[in-house]
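Peer 1: heads up, no residue letters with this:
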């Protein structure tokens, strides 16, 4: 491997190197703003929340133990899914990710409770889920959900909201800022 004196491995990034003082490109900022998609974020976030709820159910069935803290972990894939698919920059994307993560935590709890009921009754999970009535929900929230479940859902929402917005490089940030100032 040849030694490159201009790019040492353990060197901090150069903040005053040539080219960093260039004017930001407003067209790049326009393209960054146009690439946002709330619909894509919603679809990807829903898929991630449901996939994690099913994974949580599979882990519960495999281990024979209910692991409620996994509800908090569900915020990570939901937040990343919203970030990658939505490419969002404003408050709508963290709000969406938080709501989807909390809903995914609730869906996981519903599936786990339905699975334990199905095991007790000797029937299938989807038969129990298919026979849910409006009178089932008050009983579920009173007997199956605890305060800890709500706390884990809130933590999942916070984690998802933290990771939901797109991370911009310095060049992208200044280009977006330049585009927004031009629009005002």
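Peer 2: All right, it came through fine. Please read these numbers as outputs of a predicted model, since none were measured by experiment.
Peer 1: give me the below-cutoff pLDDT ranges for this protein.
Peer 2: Applying pLDDT under 70 to the chain flags residues 1-11, 13-21.
Peer 1: show me where it has helices.
Peer 2: 26-34, 38-63, 70-73, 75-86, 92-121, 125-130, 136-143, 147-164, 170-183 (DSSP state H).
Peer 1: would you point to the one among these that's packed deepest?
Peer 2: helix 75-86 (a mean of 24; mean count of other Cβ atoms under 10 Å). Using the backbone N, CA and C atoms, a C-beta is placed for each residue, glycine as well.
Peer 1: that helix vs helix 92-121, what angle?
Peer 2: 130 degrees (axes from the mean of the first three to the mean of the last three Cα atoms, to 10 degrees).
Peer 1: show me what contacts residue 38?
Peer 2: Counting by Cβ atoms under 8 Å, 6 or more residues apart in numbering, residue 38 touches 86, 88, 92-93, 96.
Peer 1: so, if you compare those, which one comes nearest to residue 170?
Peer 2: Closest approach between these and residue 170, by Cβ to Cβ: residue 88, at 19.1 Å.
Peer 1: with adjacent residues omitted, what lies nearest to that closest one?
Peer 2: residue 36 (5.2 Å; Cβ to Cβ, 6 or more residues apart in numbering).
Peer 1: do residue 45 as well
Peer 2: Excluding its sequence neighbours, the residue lying closest to residue 45 (Cβ to Cβ, 6+ apart) is residue 100, at 4.1 Å.
Peer 1: contacting residues for that neighbour?
Peer 2: Residue 100 is in contact with 42, 45-46, 48-49, 78, 82, 160, counting by Cβ under 8 Å, 6+ apart.
Peer 1: the residue nearest to residue 88 contacts residue 87, correct?
Peer 2: Yes. If you go by Cβ atoms under 8 Å, residue 36 and residue 87 touch, sitting 5.5 Å apart.
Peer 1: ok, so of the contacts of residue 100, who is nearest residue 106?
Peer 2: residue 49 (9.5 Å).
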